[in-house]
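Engineer: here is my input; please provide its structure:
(3 chains)
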Amino acid sequence: MNYWLFKSEPDAWSWDQQKKEGAKGAEWDGVRNYQARNVMRAMRKGDFGFFYQSGEERRIVGVVKVVAEAHKDSTDGTGMWECVDVAAVSDVPRAVTLTEIKGDPRLKDMVLVKNSRLSVQPVTAAEWRKLCAMGGLSNPPSC
DNA sequence: GCCAACGTTGGC
DNA sequence: GCCAACGTTGGC
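Structural biologist: Prediction:
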């Protein structure tokens, strides 16, 4: 079981929209970057991830679960691009801001810090636990 | 609005 | 295969 982080501009796809899709989830579509595609290919059904809003918000606001492994991106006509489906699991009670993340030495190696442009990222188990604690998730989703 | 970082494209 | 030019992303 691995952990991930999904990044989105609220204007493009917001946490509210994600929650409206409910337990069946929705395609994490529109990714047109090889590195991000490879990250999604490594995801397995049941894996958890954070939902991070970039742009003006810059904070982790929710937890999602992978409900379908990598498959063709329905918004892509070339057949080159893939996506997973993710479903909202819960809010993060106390959204964790990028500022807080950058201020914590234990999180300094996060991809979010080192390569902020990658839109889908791996998160280590240690980072996951730490971020869940910071976000006020007393019962961190895990396997 | 600016700029740094990164990825992609295309000429050589 | 190299690298300059360009476009995009995202933090500030």
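
Engineer: going forward, measure contacts and count neighbours with C-alpha atoms only.
Structural biologist: Noted.

Engineer: which of the three states applies to residue A:130?
Structural biologist: The three-state label given to residue A:130 by DSSP: H, G, I helix; E, B strand; the rest coil is helix.

Engineer: okay, now it: neighbour count?
Structural biologist: As a burial measure, residue A:130 scores 16 neighbours (other C-alpha atoms under 10 Å).

Engineer: and what of residue A:45?
Structural biologist: Taking other C-alpha under 10 Å as the neighbour definition, residue A:45 ends up with a count of 15.

Engineer: which residues are in contact with it?
Structural biologist: Residues counted as contacts of residue A:45 (C-alpha atoms under 8 Å, 6 or more residues apart in numbering) are A:65-69.

Engineer: do residue A:93 as well
Structural biologist: Per C-alpha under 8 Å, 6+ apart, neighbours of residue A:93: A:61, A:135-137.

Engineer: same check on residue A:104?
Structural biologist: Contacts of residue A:104 (C-alpha under 8 Å, 6+ apart): none.
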